[in-house]
Structure formats: structure tokens, C-alpha cells
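sharing a model that was predicted from the sequence below.
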Amino acid sequence: MTDGPPRLAVRLAEQTLAPGDADRLLDALEYEYARFQMPARGRLGADLWFWRQVLLSVPALRRGQSLRRTRNLRDQAALLARELRQLGRAMRRAPISAGSAILTLSLTVGAGTAILVIVDRVLLAPSPLAAPEALVTIGTTTPDSPDAVPRAVDVSLFRSWRQGSGALAQLEAFDPTNVTLTGSGDAERLRGTDATTGFLALLGATPAMGRLPAADDAGRPVVVVSYALWSRAFGADSTVLGRDVILSGQPHTIIGVLPESFDFALSRSDVWRPMAIATGDRGSALRVVARIHEGSSLAALTQTLDALSLTSPEAGRARVTPVVEEIAGDSVRTLGLLGAAAAGALLLAFMNLAVLLTVRSMDRREEFAVRTALGAPASERTRQLLLESGTIVLLGVGGGWLVASLLTPTIGRLALEGAGPVVQDLVVSGRVGLTMAVVAVSLALVCGLVPTVGSRPGKIGAALRRGRTASGREVRMRRIFVAGEVALAYTLLVSMAVLGFSLQVLGGVDPGFEANGLTKLQLSLPQGRYPTSEVSAAFYAALQAEVEGRLGAGTAGLVDEEPMSGDAGRSRTGFVSDAADHEAILRTASAGYFDVLEIPVVAGRTFTDGPVGQDRALPELVISESLVTELFGSQEPVGRRLWLEALDGHAEVVGIVGDVRHRSLDEATLPTMYLSAVDFPSASSILLVRNDGPTASVVEQVRDVVRRLDPDLPVYGVRAMDDVIATSPGVPVRRVLTGTMGGFALLALLLSATGLFGVAAHDALLRRGELSLRLALGAAPSRILWGSLGRGLLSVSVGLAAGGVLSFWAISSLRHLLFEMDGVSVAVTGGAVALLLVAVGCAAVFPVAWRSSRGDPSTVLRGD
Amino acid sequence: MGKTGVLGSFEEMVLLSVLRRASDAYAVSIRRELETHSRADVAMGAVYATLDRLEEKALVESAVEQRPGAVGRPRRYYTVLPDGLEALADTRAIREGMWQGLQIARARPGGDR
């Protein structure tokens, strides 16, 4: 034992207190311990006193410590405020570079956020279907081209699949159709789906009211209606169950109402009817969905169905696709491309910010060096850079939020044309905002640190000597960034150019008819008032005559489905029923239809106006040129007979017309057959009217005519055919991608140009002495000019090389959107864009190079 | 009232101890002074923490000195500043004002020693 106070207590104080606090406390306690306590209390009493003092003092002093820390934080906050004020002054001094960085960030962050909102909504939104990952669609392809778009399935094959795959999955079939609703107000044409009885339950639908079809409903005239139809046509009447409605002339009993949330994007419908799969059915094509049982797999199902398909009479291959994938379809690819473009632009914006900060940091190098010399910690510089980068990013993200709020609905509508209710009320959600904020802040951190990597702050003397010019390392770094900007600009420009050209070529594609000045209007004849085809045909004839009487002869034509409205409605055909191995789109049209649409009649004639049976034995058939090529080769088709599955009989070919596009401009032409609308009047028809006057007046005249003929008949679905083409599949996607990439490319071009100019200017400043000396020694100014230009263009060529590689990847991702562009035209586009960038690079560097070569050496050298 | 506000009771006692010790006010003597008057154990740590706080409020000041007559190493001596005196006077005035007219007997029997 020693004479001093208890060692353990001393150690405790030393371990738990800050050194200064421990020292003074122990000094005082040890002094008092020896001087007063030992003499008064004796050793044990003094030891106890010492322990008690330490135990009571430690908490008191630690509280003091934490108070001091809080005060320190307050000091830090005051410092931060001062630095922010300095930053504000600096930004006001050079508002253009900071402003452009903020603007660039706003635009790119905004566009990126808008795209992310859509990706979030489309790809990550909860599906209205139950356990959608187990749902698949199944189609068939021919054994020769298994990768073709899968087609609908023959009934007999569906039955054999169903029997053969019971253990692996539950299979149901559906068939999208159209029906006319009558008997509850005006006639209305509805989208409907005929489906096997287990179909809705398979998707996971639960009725909002009533029930879903049961197994014994198959083929019975009952119907489940959508929430939308229930609200619209039945005024959300809660007693609607059990009520009869007339669908295409047949009374159907309403057994259920689907909930508002139910949505099956592959066949959006207002009415769902239970379909019977009769044993004798042949030929009618069904679409198939299946729910894979737990423990089974997509691969196992594919294998089983494939084996069954190959041995079926028509020998095909089974193609199984997840429903989620099929619903998302092309929009996934579009979104991927948009996302890549946005990511590229965002990268560009941050590169620009990094360059800006590097320059700023160079401008302030002397200031930092002096402050470091006066004892400021090295971290101060890093902190200031991070603060500057953070402030710019914060303002940029705020602006981006605004831009995103404005852009999102537009981009969403254009990018996801046809994706249905998912694109409604798109807003920037908290989740998306947070993601973008995290990305932006991380990039701000990186950008803020880039300049500190570019130079070593420690060498104060060197920094003061060098002043505001850049070190070699900094210049190299900036060159790399500028080359990166050029690479991104090149990639975006090339992508935009090839897409833009495709769009332009697509715009020039002949749809097979003259859309300009053509308006479509839709009519549905209710079964009750138009019970027979004679009555319907008489109405259509009167309608056509009246409209033409007002607008002029040859201005109105009738058809059951207008061009560019889809490629549904097909029939098999051939010379005899046993060899009907060709498929063609089947339409019914009036005699004047081809004239009104300006579809050329290549041979023969179009329809006569008289009905079948009076002066001819067979229905008349007009076929398109591509069907002639497929079926007749070099033989003369006019006067020949063709068997049509849809008629279950023959028709006589009376004429040949040009092909029209049915679905989109970029598809291959599909062979088409037309039957006479007089022979087969459709309950629902499209009236196409050609008129040079304003659409509104045409529509009013037609409405007036229809009102006079049948006051209860609605005219709906009015659209200009120009507009139908402009929004046909493939056009909006290309337009939105071209627009987005074009915007980003322009930004990239501007940033590269300013970056090149900046690097060249700094370079010239750095080499001022050397260049002046060379001029003084008699070097030709042109040599100096070319040398400076060459140095500037080095970044451009490095960027172009990298951009070439990048754009190779970009174009291969865009391949499916390129239209009539071969390798040569892509290469020519790439070359032209490269030339453009070189020209822009020259324009950016030239002023600096010119000044360097024209400087007065004596002024510069005297100045140094 | 002064700009420093009302003193806490321990702050008040520490300030009074500094005044009472006059030219001999260093941590150990202040603590002992407090212990003598409060008749309770006073932690040295609490004294230091309070002196730090008072110094920060500019109610006392301190300096390390080797005073004539003192034994051992130089010590840090404390002096009350004019603001400290004002704060003491304010606190006292408030307290006396509040006591005025109140008669409170000691609650604890035998507590009147």
C-alpha cells in the first residue's frame, strides 16, 4: 500500500473524464486528501471521502463536457451560416456558371424523376391480379419460327392442353369480342370477353356484387359486368342483379358486378360471358391463360404443352409468357431506354458540376493556401467544396422536382399509350422523390470530392506560386470529364438521329389509304329496331345516300373496322374447305368505301349494290394484293371462288385492291378480304367521311342525318384518321424517345462545348509564357493556332472514340425501334454526328487558339 | 433585474463562497467553505462545473497565480466580477420579496438546532 489516495478511484476519474477535467479534479482532491482529510479522518475515512468525491464529481463534470460540446455545435452552425453567406456572394459574382449548373441539374433530375415515376408505377405497382407471378399466357407458334409473336390457340388443342397439364396448372381460355348493348337507353358498343367459366376466378377476381360464373353457367346467357359499365349504363343501381340486358340481340341475365379495382389489361372489357367449349368446335381461336400450381414451374408447363402441340394435327410450338411481362410489353423496353437516356443525362449534369467545382476550387486556391498557412485545418477546404456542391445540388433537386411535376403526366401519357389505367394520376411519390434525392446527394458528395483529388492542398508555397492556373493533373482530369461529355453527347445525338429518321420514314409510310381529311364516326344498330340484315342494310344505304347528298357524291363509306384499328377479325381461307390454310383479315365494306379512302382498285371492280341471291349465287369478295400473291401467284384471281371459314362457304372474287395497314405503320402488310356490307351488314359500323371542311361541321351534319333517320341512334367514337395514325402503335414511343433524347442531346452538346472552351482557356493561360516565348523567337502564329486547336480536339476525339463504343450499345438496344435503317445509314448518321461534334469542338476552341496565336509576346512576358 | 437572470441556488452558494474566501478563493477552499455552511458533502466536480459555468457567464474570473504565503504549486484563484455581484443582489432581492409576509414554521420537529 502506498500513501496516496485510492488508486482505483484515481484510475476511474482518469478513464471517464476529459484529460483537463481529470487533472484539475485529481490535483484538488489529492491536495485536500493529504492536507485536510487524512489528518482529520484517518486513512480509511480519507479513502472513503476520496471515493465519494470521485463518484459524485464524475457525473457533474461529464454534464459540463456535454454542455461544452453543444456549444461547439452552435459555433459550427454559426460557421456554416458564414460559409453559406460567402458561398452566396461567390455565386452572385459568377452567376452564369452556377446558374447553368443548377439549370442543368434541374432539367436532368426532373426528367429522370419523371421517368422514374413511370417506371415505379408501371413496373413496381401492385397488380390488380391475385398472385400475378404464377399467371402465364400461352400461345402457339409454328415449328419453323418459334420466336414469332404467339398466336391464339385452336379449341381442340386447348382441350388437349387442359387434359394434359392438369397437375401442373389450371388453364382457362378467353376470346375478346365486341357486343352491342341495347335495352337500357341508347345502343352502346361494348368491349366484351367470352371466357371459360373458371377464368375470372383464376385471375383472382372477387365480385363487388353477385357472383362469378359457375361451372354450369357455361354457354348460358348470363353476364358479369364491369364496375365502369354498372356505373355508366345502370346508374350504379344496387338491384341490377338478375336484370336482363340485350347483348347483340340476345337477352342476358346479370349475375355479378366486378370491383372497380379489377383490371385485366390483356382484354379490358365491360361484359364477361361464360363460354362453353363444345366438343365439336373446330377452328375458332382462343387465347389461353394459366395459373401455374405451386411446386410446378413455367419450364415444366412449357415442356408438357410443347409436346402436346407438336403431336397435334396442326403441329405447333407452345409459347408460355408470364402475364406480367405480356401486360408490360413494349413499355418495359421503352422505359428502359428512357431510363438509360435519363441516367446518361444525369451523369452529364454531375460531370459538369464536377468540372465547375474544380474550376471554382482553382480560383480559390490562393485563399485556401493562405488559410491553411494561418492554421485552418485541411478539412476546411473539403468541407467548403462539399458545401458548394451540396448547395448547387439542393437547388438543382428543388428545380428538378418542379420540372418533374410538370413533365410526368406528359411523358407518362406518351410513353405508355395504351397501357390503360396505370398511367392515370401519375404524381411524384415520396418514394421516388427520396430515391432521386439519395442519388443526387451521393453524386453531390462525389462531385465535391473530385477537386480535392485533382490537387494536393498541402503544398502551400506551390499553390501560392501557381495562383489560379491549373496543375497538369487538374487539366488532365478536366480533359477526361470533357471527353466524357463529348462521349455522352455523341451517344445521345446518334440515338436521337436514328430514332428521328425512323420516325420520319415511318411518317412517310403509306398506310394504304389517304388519311388526310378523313373522319371516322361509329354507329351501333340495336337488335330490337334492326332485327334483320335487310333492315340494317336499308338503314346504311339511306345513311350513305343522305350524307353524300349533303357533302357530295363519293364522300361516305362504311366498314365494320377501319384501318389502323387493330388486326383482330380474321378468317382462314383457301380454294376448298379442306385446304383453307391461309389466314387473312376479314372486313365488310360498302361499295363506295374504297373510293372514299382512296384505296386503289388494281383489277376487277368493287361491290355491286344489289343483295346476294337476286342476280348472283355467291357473295362478292374483294381481296388485297398481298393475298393475291399468297394464293394465286401468277394466275388471274378475278372470277375465281374462295372458301372462307367465316362464311363456311364460298365467295367469288370480283376485284383486287391495294393493301392497308391494320395495326401500325411499321408492321408487315397483312392480306385482307372484304365482303359486301350489303350482304353482311354489321350491327356496328364505322362511317368514314371525306371532307375538306372543319371536322366539327362534318360531324354535326352526320349527326343531323342520323337524327332524322333514327332519333335514338347515338353517333360516337368520332376521330380524325390523321390522329388515329399519329397515335398508332410505335409512333408515340418513337416520338417521346426522340424528343427526350433530343433534349438531352442538345444539353450534352452545349455542356461539351462550354467544357471544351473552358479547358482550352485554362490551357492557354497555363502555357501563356511558353507560347509567347515561342512567338517572340519567331514561331509562325499559324503553327501555334493549329497546335492549340489540335490540343482542344484531342478531347473531342477521345470522347468520340468512347462515344462510338457507347452508341454501338445504344443502337443495338434501339434496334427494334429502327425502321428501314440498315447498317450503312446508321454508319452514315454516326459519321455525320461525329463531324458535327468536331465542328462544335472547333468553334468552341477556336477563339482561344486564335488569341493565343495573336498575343503580343512583350506584354505577356513583361507581365510575368 | 440584471441581464444574467436568477442564479441557481448552488451557483449562488458558490458565488458567496468565493466572496467569503476573498483573496483565498481557489477550488479546494471554495469547496470547504461550501461544506462548512451547508453541512453536507459537496462534490469537487460539481464545484468545478459550476465555476466553469459562472466564468462563462462572466460572473467570475480566474487566474493561475502563486500567491505569497500559499504552500505548494500555483493555484487557480477566482474573483467575483461586478456582474456577479449584481446577479447576487438581484437573486437576493427576488428571494426576499417572495418571503415577505410569509411565516413558515419548521416542519421537522427538533430541526431547530
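Looks like it came in fine. Numbers count the residues shown, from 1 in each chain, chains lettered A, B, ... in the order given.

if I look at A:A780, how far off is chain B?
Summarising the geometry, the distance separating A:A780 from chain B, computed by Cβ to the nearest Cβ, to the nearest Å, is 73 Å. Every C-beta, even on glycine, is put in place using the N, C-alpha and C of the backbone.

scratch that, A:L394
Counting by Cβ to the nearest Cβ, the gap between A:L394 and chain B amounts to 35 Å.

then A:L79?
As judged by Cβ to the nearest Cβ, A:L79 and chain B stand 19 Å apart.

within the helices and strands, which one has that residue?
Applying DSSP states H and E as the criterion places A:L79 in helix A:38-93.

so how far is that helix off the chain centroid?
On the basis of Cα atoms, centre = their mean, to the nearest Å, helix A:38-93 is displaced by 56 Å from the centre of the chain it belongs to.

next secondary structure after that helix?
In N-to-C order, the element after helix A:38-93 by DSSP H and E is helix A:95-124.

what mean pLDDT does the helix or strand following that next one get?
Toward the C-terminal end, the helix or strand that comes next after helix A:95-124 (DSSP H and E) is strand A:135-141. Mean per-residue pLDDT for strand A:135-141: 86.

now swap in stretch A:392-406 and tell me
In this model, stretch A:392-406 carries a mean pLDDT of 85.

for chain B, which helix extends over the most residues?
Looking across chain B with DSSP state H, the single longest helix is helix B:82-99.

let me see the contact set for the closest residue in space to A:T140 that isn't next to it in sequence.
In this structure, A:T140 finds its nearest non-sequential neighbour in A:G316, 3.9 Å apart by Cβ to Cβ, 6 or more residues apart in numbering or on different chains. Remark: with contacts taken as Cβ atoms under 8 Å, 6 or more residues apart in numbering or on different chains, A:G316 is in contact with A:T140, A:T141, A:T142, A:P143, A:L157, A:S309, A:L310.

returning to that earlier point: what inclination does the helix holding A:L79 have with respect to helix A:95-124?
Helix A:38-93 runs at 100 degrees relative to helix A:95-124, counting by axes from the mean of the first three to the mean of the last three Cα atoms, to 10 degrees.

the residue nearest the centre of chain B: what's it in contact with?
With distances taken as Cα atoms, centre = their mean, B:V14 lies nearest the centre of chain B, 1.8 Å away. By Cβ under 8 Å, 6+ apart, the contact list for B:V14 reads B:I30, B:L34, B:V47, B:T50, B:L51, B:L54.

export the helix or strand harbouring A:E546 as PDB, just CAs?
Secondary structure here is read from DSSP H and E; on that basis A:E546 sits in helix A:533-551. Coordinates of each C-alpha in helix A:533-551 appear next as PDB, following Å, rounded to 0.1, in the frame of the first residue of the first chain:
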ATOM      1  CA  SER A 533     -79.800  -7.700 -92.100                       C
ATOM      2  CA  GLU A 534     -82.200  -6.300 -94.700                       C
ATOM      3  CA  VAL A 535     -83.400  -3.600 -92.300                       C
ATOM      4  CA  SER A 536     -79.800  -2.800 -91.300                       C
ATOM      5  CA  ALA A 537     -78.700  -2.700 -94.900                       C
ATOM      6  CA  ALA A 538     -81.600  -0.400 -95.800                       C
ATOM      7  CA  PHE A 539     -80.600   2.000 -92.900                       C
ATOM      8  CA  TYR A 540     -76.900   2.000 -94.000                       C
ATOM      9  CA  ALA A 541     -78.000   2.700 -97.700                       C
ATOM     10  CA  ALA A 542     -80.200   5.600 -96.600                       C
ATOM     11  CA  LEU A 543     -77.500   7.000 -94.300                       C
ATOM     12  CA  GLN A 544     -74.900   6.900 -97.100                       C
ATOM     13  CA  ALA A 545     -77.200   8.500 -99.600                       C
ATOM     14  CA  GLU A 546     -78.200  11.300 -97.200                       C
ATOM     15  CA  VAL A 547     -74.700  12.100 -96.200                       C
ATOM     16  CA  GLU A 548     -73.500  12.100 -99.800                       C
ATOM     17  CA  GLY A 549     -76.500  14.300-100.700                       C
ATOM     18  CA  ARG A 550     -75.200  16.900 -98.200                       C
ATOM     19  CA  LEU A 551     -71.400  16.600 -98.600                       C
END
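
how far out from the middle of the chain is the following helix or strand past that helix?
Under the assignment DSSP H and E, the closest C-terminal helix or strand after helix A:533-551 is strand A:556-559. Using Cα atoms, centre = their mean, we find the averaged C-alpha position of strand A:556-559 to lie 37 Å away from the chain's own average C-alpha position.

host element of whichever residue of chain B sits closest to chain A?
Closest approach between chain B and chain A, counting by Cβ to the nearest Cβ: B:G45, at 2.3 Å. Element membership of B:G45 [criterion: DSSP H and E] is helix B:44-56.

next, the angle helix B:82-99 makes with that helix.
For the pair helix B:44-56 and helix B:82-99, the angle between their directions (the same axes, to 10 degrees) equals 110 degrees.

helix B:44-56 - what's its average pLDDT?
When the per-residue pLDDT values of helix B:44-56 are averaged, the result is 92.

which residues touch that helix?
By Cβ under 8 Å, 6+ apart, the surrounding residues in contact with helix B:44-56 are A:21, A:24-25, A:28-29, A:32, A:53, A:56-61, A:63-64, A:67, B:10-11, B:14-15, B:27-28, B:30-31, B:34, B:60-62, B:78, B:84.
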